[in-house]
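Asker: Give me coordinates for this.
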Amino acid sequence: MHETIEGEVIVIDLETGSYYSLRDASADIWQGIESGADERQIADLLHRRYDASPETIGAAVGKLLDELAGEGLVEPGDGGSAADRAAPPQEANGRVPFSAPMLEKHTDMQDLILLDPVHKVGPRGWPHAAESEAGD
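Answerer: Presented below is the predicted three-dimensional model:
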């Protein structure tokens, strides 16, 4: 599951309990993924916004997509058509400086994220886990 809050994308993997943060160009790449764009289309969209060579942006997009796939957050798709999608907004003076996208991984709340508050709580209620039963 994911949510965008003030330009930052937060992605939570409910299988592992890890959560991820995507900001700036990383958030724009996630927006491209959400819209069904393929790797080339995402790179083209970013090149319209950011001041960097197509090669630099293309390599950075590919690296982040590989990281996302490695974490099990995305799967390769057919890409669809992004021809009618608008480029991300630009600053008034044109393209903005490009910083390589980063996937920030956080594991500090895994126990709480993995705890099913409806089914796996003890008599004291959430967030207290039920005692393990034999065979668990």
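
Asker: So which residues of this structure form helices?
Answerer: For the chain, the helices defined by DSSP state H occupy 25-34, 39-49, 54-70, 110-114.

Asker: The second one packs against which elements?
Answerer: Under the contact criterion of 3 or more CB pairs under 8 Å, 6 or more residues apart in numbering; DSSP states H and E, the helices and strands touching helix 39-49 comprise helix 25-34, helix 54-70. Glycine gets a C-beta too; all of them are placed from N, C-alpha and C.

Asker: Please look at Leu64 and Val74 and confirm they touch.
Answerer: No. Assessed by CB atoms under 8 Å, Leu64 is found out of contact with Val74, at 9.8 Å.

Asker: looking at the protein, which helix or strand is least sure?
Answerer: Using mean pLDDT, DSSP states H and E, the weakest-scoring helix or strand in the chain turns out to be helix 110-114, at a mean of 80.

Asker: then that one to CSV, C-alphas only?
Answerer: Taking C-alpha atoms only, helix 110-114 is exported to CSV below (Å, rounded to 0.1, in the frame of the first residue of the first chain):
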residue,chain,number,x,y,z
GLN,A,110,8.0,-4.0,11.5
ASP,A,111,6.5,-5.5,14.6
LEU,A,112,3.6,-3.1,14.7
ILE,A,113,3.0,-3.2,10.9
LEU,A,114,3.0,-7.0,10.9
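
Asker: Who has more neighbours out of Leu64 and Val74?
Answerer: Leu64 (23 against 16; other CB atoms under 10 Å).

Asker: any idea how far the closest residue to that one other than its chain neighbours is from Leu114?
Answerer: The shortest distance from Leu64 to any non-neighbouring residue, by CB to CB, 6 or more residues apart in numbering, is to Pro101 (4.4 Å). Pro101 sits 27 Å away from Leu114, going by CB to CB, to the nearest Å.

Asker: Check Glu39 too.
Answerer: 32 Å.

Asker: more crowded one of those two?
Answerer: Comparing Glu39 with Leu114 by neighbour count (other CB under 10 Å), the higher total belongs to Glu39, at 18 against 15.

Asker: Let me see the contact set for the more buried one.
Answerer: If you count contacts by CB atoms under 8 Å, 6 or more residues apart in numbering, Glu39 has them with 58, 61-62, 65, 79.
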